[in-house]
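Visitor: Next comes the sequence, and after it the predicted model I'd like to discuss.
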Amino acid sequence: MRYGGEYTAVMTSVEIKYCVPCDHLDHAQTLQNALLSTFGQKLDSVTLVTEDGGTFEVRVDGELIFDVDEDEYDTDSIVETVGERV
């Protein structure tokens with residue numbers, strides 16, 4: 001993408017919504033760490049958002065890529081899916 005005569009990178013944002021009462025904080029922090037360790041500065045942000053009701057969702061630039069209600073939690077699989085969008 002060109003801006004003002006220079007090339008700028010399009011950054012990717014990841015949002016992890018997790019259920020606080022369900023003790024999903026450990027999974028959320030583990031995933032956040034794995035994403036930052038794997039992709040570093042290719043990511044604009046990896047945000048943790050508190051929820052309830054059993055929620056554990058991951059969105060990349062607003063697109064839902066993981067929902068614990070539909071898939072089994074697997075850090076490596078989620079990191080791989082995020083990598084396809086970075």
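Guide: Happy to help now that I have it.

Visitor: From here on, just use CA atoms for contacts and neighbour counts.
Guide: OK.

Visitor: Quickly list what the one residue sitting closest to the centre of the chain is bridged to.
Guide: Geometric centre of the chain, nearest residue: Val14, 3.6 Å, by CA atoms, centre = their mean. Val14 has these beta-bridge partners by DSSP bridges: Val46, Val60.

Visitor: My guess is it contacts Thr47. True?
Guide: Yes - proximity of Val14 to Thr47 meets the contact threshold set by CA atoms under 8 Å, at 6.2 Å.

Visitor: among the helices and strands of the chain, which has the poorest mean pLDDT?
Guide: Sorting the helices and strands of the chain by mean pLDDT, DSSP states H and E puts strand 2-3 at the bottom, at a mean of 41.

Visitor: And stretch 39-56, how far out from the chain middle?
Guide: Remark: stretch 39-56 is offset 5 Å from the chain centroid, using CA atoms, centre = their mean, to the nearest Å.

Visitor: Which positions in that stretch come out as buried?
Guide: For stretch 39-56, the neighbour count (16 or more other CA atoms under 10 Å) marks 42-43, 45-48, 50-51, 55-56 as buried.

Visitor: Among these, which lie within strands?
Guide: Here DSSP state E is the test, and the buried residues of stretch 39-56 give 43, 45-48, 50-51, 56 as lying in strands.
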